[in-house]
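# Need a 3D model of the sequence below.
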Amino acid sequence: MDLLSKVSSAITEHRLLSKGDTVIVAVSGGADSTALLHALATLRSEWNLTLVAAHLDHRLRADSPDDARFVARRAAQLGVEAVIEAADVQMLARRRKLSLEEAGREARYALFARLAGERRAQRIATGHTLNDEIETVLMRLLRGDPWDALGGIPMTRPLGAAEVIRPLLSVTREQIRTDLSARSITWREDPSNRDLRFARNWIRLRVLPALERKDAGVRDLLVRFSRAARSADRLLTDLAHRFAAEAAEEGAHLIRLPLDEFRRHPPDLQRRMLRWAVARVTGTTAGLPVVLEDRGLWVAAKGRAGEVADLRAVAVRVSYDALEVTVPQPPAPRGVYRLRIPGTVTAEAFNVTLTAEIVDPSAPVPSRSADAHEVDLDAASVGRELQIRAWRPGDRMIPLGMRGKKKVQDLFVDDKVPRWDRHRIPVVTDARGQILWIVGRRISEIARITDRTQRVVRLRARNTSNAAFVGLA
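Numbering: from 1, shown residues only. Have a look, this model is predicted:
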């Protein structure tokens, strides 16, 4: 079977394309990506495809602009639009503390994802081959990666709203070069592919040949191993996703999994449940696997209430009864809102509107319970103006029914309010800063209604947006 037939077969068998797709084609100028571009250009009419060739100049070699010009010419010859961009991968690696390989990959996929969004592309095609899969499996084995990462390179994976596809994944690098040479199609050779400082090059040029001298069938063995690992991973992933979906509570950018339910599962299922939750919240787990296996998974599996793993794009945190996966919270509000009595103020930082009015003291409503959204307070204790702000470390108040002051932090602990939610609950004070009401949570003893109360101030809190306000149930 020739190369084009193999690509066409892979597309059909794995449903890599749909009629009318727009496809971003990753083209470095090397043999594999050149073969991919030619194959998709040949199949363009059959599938009614719109192709966009994407090339990123990594600026790591003096002659790298020649690769960009080669890709632009080749795309023009095939009647394919080319988007050529450049990035300072070396600077990115320093700034993000990544290897050059990792930084280059991150920069490339950022370009592909952005282009896919701009062009509303359904697919992003890359030129990964069977050789790449074998090298990846061996590299992960030597690196000691979790076994579920040993399934090699998937034929497809999501990237934003698009899907990454690998039509050449069942084809060897040798088959590709033989096919291109037979058709007199040229490609660019990247000298950095022989640089042994890069782990993949060392695997390809040193480790694999050494293994093959011991066992000529080692490549087939690695392929069979990766297929078996992928099948097992698929089974466990489906199982974990079912467990997670049945147990999860979903809110806006938030997944809550009952902590006991999550932790009763073995680590292999916990890892996959956590990935499911991250994907539900962010739309992808791309760029997160390492931190998920490290800090995120440790916090999820063993962290105490209040512990948080902030993974940039997502936060994994442990509350008193649940594991929560969400987007990172904004910083605590710093400003102070002032409320004249009577009057109304909207505290945008808390998504709440507070209203104060004077009511008939002859029939006051008693000071309400801790979870009330409307309370009556003694006007003489309240004063003429209130202040609304976030909780601050060191804040104290005398809770209703008590005599001595208690730390607000301890009250939050008593009420099982997670640390990350505490700054989102408005605190109402008098003009001197004495806390009168933790909205929706606690009322102060110093402002309670008594037999001697002559005037009553009624405070109401109302949610003003779809965003969650922790003080209101």
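
# Please report how far Ala87 lies from Leu205.
Distance, Ala87 to Leu205, by Cβ to Cβ, to the nearest Å: 26 Å. For the C-beta atoms, the positions are set from N, CA and C on the backbone; glycine is no exception.

# Please say which of these two ends up with more neighbours.
The neighbour comparison of Ala87 against Leu205 (other Cβ atoms under 10 Å) goes to Ala87, with 18 against 15.

# excluding its backbone neighbours, what's nearest that one?
Among residues not flanking Ala87 along the chain, Ala107 sits closest, at 4.4 Å (Cβ to Cβ, 6 or more residues apart in numbering).

# so the one you found is in which element?
Element membership for Ala107, per DSSP states H and E: helix 100-119.

# Kindly report the same for Arg188.
Under DSSP H and E, no helix or strand contains Arg188.

# any idea how far it is from Val52?
20 Å.

# Okay, and Val316 sits in which element?
strand 315-318.

# Quick check: next helix or strand after that strand?
With DSSP H and E setting the assignment, the helix or strand that follows strand 315-318 is strand 322-326.

# picking that back up, check what contacts the helix holding Ala107 and list those residues.
Here helix 100-119 makes contact (Cβ atoms under 8 Å, 6 or more residues apart in numbering) with 22, 24, 26, 50, 52, 54, 56, 58, 60, 83, 85, 87, 89-90, 92-93, 96, 98, 121, 124, 159-162, 164, 198-200, 286-287.

# what do you get for stretch 167-175?
Contacts for stretch 167-175 (Cβ under 8 Å, 6+ apart): 3, 6-7, 10-11, 16, 31-32, 35-36, 39-40, 125, 127-133, 153, 155, 176.

# With just CA atoms, put stretch 210-222 into CSV.
This file holds the C-alpha atoms of stretch 210-222, laid out as CSV (Å, rounded to 0.1, in the frame of the first residue of the first chain):
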residue,chain,number,x,y,z
ALA,A,210,21.8,-0.2,20.8
LEU,A,211,18.6,-2.0,21.7
GLU,A,212,18.1,-3.2,18.1
ARG,A,213,21.6,-4.7,18.2
LYS,A,214,20.4,-6.9,21.1
ASP,A,215,16.9,-7.6,19.7
ALA,A,216,16.0,-6.8,16.1
GLY,A,217,12.3,-6.8,17.1
VAL,A,218,12.5,-4.2,19.8
ARG,A,219,10.5,-1.6,17.7
ASP,A,220,7.6,-4.0,17.2
LEU,A,221,7.7,-4.9,20.9
LEU,A,222,7.4,-1.2,21.9
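
# Ramachandran coordinates for the closest residue to Pro418 other than its chain neighbours?
Using Cβ to Cβ, 6+ apart and skipping residues adjacent in sequence, the residue nearest Pro418 is Ser319, 4.5 Å away. Here is the backbone geometry of Ser319 (degrees, to the nearest 10): phi -100, psi -170.

# which residues sit in contact with Ser319?
If you count contacts by Cβ under 8 Å, 6+ apart, then Ser319 has 256, 259, 305-306, 416, 418 around it.

# Per-residue pLDDT of Leu100, please?
If you check Leu100, the pLDDT there is 88.

# so how far is Val25 from the closest residue to Phe112 other than its chain neighbours?
Leaving aside its chain neighbours, Phe112 sits nearest to Ile124 (4.8 Å; criterion: Cβ to Cβ, 6+ apart). From Ile124 over to Val25 the distance is 8 Å, taken as Cβ to Cβ.

# And for Val207?
30 Å.

# Could you do Val336 as well?
Val336 is 55 Å from Val25, by Cβ to Cβ.

# between the two, which one's more packed in?
Per other Cβ under 10 Å, whichever of Val336 and Val25 has more neighbours is Val25, with 27 against 12.
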